[in-house]
Each structure stands twice: as C-alpha cells, then as structure tokens.
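[1] I'll drop the sequence and a predicted model, then ask my questions.
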Amino acid sequence: MPPETLTPTHRVSHGQQLLTAAAGAEVLMLSIDHSVYCGLDEIASDVWARLAQPMTIAELCDSMCMDYSGERDQILADLIELLTELRAHGIIDVV
C-alpha cells in the first residue's frame, strides 16, 4: 500500500535516528534507520530548521510565505513535494 498523501493538515517533525551536520547554509544528514545520506540546499535547510518544533504543513507554509516571495499555492505545492521526498527517506515523520 502506498504511503498516505501529505496534506496541509498533516503535522510533521524531524525524523528519528538522524545524524546531521551544518555545511554553510546547507544541512547534511544520514538516516540511520534507512541508510540514506541526504544534503539539503539552503531553502530545504530552512524548512528543516523550522521543523525543530512539530507543526502542520499549513503552518509551515504560512511561515515560509512570510519570508519568501511567491504565491501561497505554489509554496504549498513545493513544500508537499519536498516533505514527501524527505518522508520517503525517513528524514521527517508525520506525528
């Protein structure tokens, strides 16, 4: 069964069992459970930092819209795409 599609009402947070390191404006991480190495660019690293406290995707989108220009619908779509990929690699959890 495919994983549930993420929606704005899902609450997300940092995944468990991760090793992380800052590299300039980027974040490098290793998912111990999934044996996946991942590098996050500057914007994805900003998303990661905001998820230090669990929040809904809608709350995350509102926060990102305050700091980035763009239409809310596009920012939300981009966030859901990013978070779906991070979830597949065990980088974030739906809580």
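    Structure received.
[2] what's the first helix or strand after the helix or strand where Ile75 lies?
    Element membership for Ile75 (DSSP states H and E) is helix 72-88. Per DSSP H and E, the first helix or strand lying C-terminal to helix 72-88 is strand 92-94.
[3] which secondary structure elements does that following strand contact?
    strand 11-14, helix 72-88 (3 or more C-beta pairs under 8 Å, 6 or more residues apart in numbering; DSSP states H and E). All C-beta atoms are positioned from the backbone trio N, CA, C, and that covers glycine.
[4] residues touching the residue nearest to Val12 when sequence neighbours are not counted, list them.
    Leaving out its chain neighbours, the residue that sits closest to Val12 by C-beta to C-beta, 6 or more residues apart in numbering is Ile92, at 5.1 Å. Residues in contact with Ile92 (C-beta atoms under 8 Å, 6 or more residues apart in numbering) are 12-15, 51, 83, 86.
[5] for Gln17, same thing?
    By C-beta under 8 Å, 6+ apart, Gln17 lies in contact with 31-33, 90.
[6] now Ala25
    Ala25 touches 42, 45, counting by C-beta under 8 Å, 6+ apart.
[7] ok, Trp48 to Ser63 distance?
    Look at Trp48 and Ser63: by C-beta to C-beta, to the nearest Å, they are 13 Å apart.
[8] ok, these two, which is more surrounded?
    The residue with more neighbours, out of Trp48 and Ser63, is Trp48; 21 against 14, by other C-beta atoms under 10 Å.
[9] secondary structure element for that one?
    helix 42-50.
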